[in-house]
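Undergrad: coords please:
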Amino acid sequence: GTAGVYKGVYGKFERAQQSANEDGVPQGTPPVNPLEMVARLEKRLKENPNDLQEQMMAGRSYMTLQRWTDAEKAWRKAVELDERNEVAQFNLADVLIRRATPGNKAVYEEALDHVEKALINVPREPVVLWTKGLALFHLGRTQEADQAWTAALQNLPLGSQDAEFIKKALQDLRGGKAPSE
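TA: Alright, predicted model coming up:
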């Protein structure tokens with residue numbers, strides 16, 4: 001459930017942030033083995049760990065490969081390098097939520113803090129608002145989760161798959177049920 005809306009809305013957010021092929025490979029070139037690409041990226045990061053764009057590329061790559069510990073490390077470094085970067089703040093929050101164990105309020109509080117920082121630059125971005133609501137829901141702050149998801153819904157095209165998913169999550173939340181994740 002959450003994955004569905006997340007993939008749709010997050011994909012839009014991610015595409016807006018990536019303007020070129022991440023590995024600098026010209027369009028039309030045969031695909032590169034992702035593991036080889038990550039190995040080259042890791043080598044470049046060893047030489048220059050303070051390269052924000054490379055850290056962000058690493059974070060995205062690790063998330064794609066579901067290497068969550070590495071993804072968290074890369075996004076933490078990206079946030080350290082540029083605290084105002086909404087992409088890094090959002091993705092760190094996302095990784096924290098994905099890795100959180102139920103009931104670990106400290107992790108959800110930290111994720112919420114990163115989401116709030118991302119919202120400074122993208123206050124109406126549906127996936128960021130969805131993620132905020134998700135963190136709030138896990139913190140037991142259902143009224144605030146409702147507000148975040150309502151705001152996310154208002155920034156989506158009516159009738160879209162993402163909008164329908166959020167409507168259902170809001171109905172579940174308002175009916176006292178846990179939204180499908």
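Undergrad: C-alpha from now on. contacts and neighbour counts both.
TA: Noted.
Undergrad: show me what the host helix or strand of residue 78 is packed up against.
TA: Per DSSP states H and E: residue 78 is located in helix 68-81. Helix 68-81 sits against helix 52-64, helix 86-99, with contacts defined as 3 or more Cα pairs under 8 Å, 6 or more residues apart in numbering; DSSP states H and E.
Undergrad: any idea which of the ones you listed is most buried?
TA: Ranked by mean neighbour count, the helices and strands packed on helix 68-81 are led by helix 86-99 with a mean of 23 (mean count of other Cα atoms under 10 Å).
Undergrad: mean confidence score for that one?
TA: The average pLDDT within helix 86-99 is 97.
Undergrad: for it, packing partners?
TA: Here helix 86-99 touches helix 68-81, helix 105-121, helix 126-138, going by 3+ Cα pairs under 8 Å, 6+ apart.
Undergrad: returning to that earlier point: can you put the helices and strands packed on helix 68-81 in JSON lines and add distance to residue 124?
TA: As requested, the helices and strands packed on helix 68-81 are exported to JSON lines (distance: least, Cα to Cα, whole Å):
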{"stretch": "helix 52-64", "distance to residue 124": "22"}
{"stretch": "helix 86-99", "distance to residue 124": "12"}
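Undergrad: after the helix or strand of the chain with the lowest mean pLDDT comes which helix or strand?
TA: None of the helices or strands of the chain scores lower by mean pLDDT, DSSP states H and E than helix 2-17, at a mean of 50. Counting by DSSP H and E, the next helix or strand C-terminal to helix 2-17 is helix 34-47.
Undergrad: for residue 37, find the nearest of the helices and strands packed on helix 68-81.
TA: Checking these against residue 37 by Cα to Cα gives helix 52-64 as the closest, at 8.9 Å.
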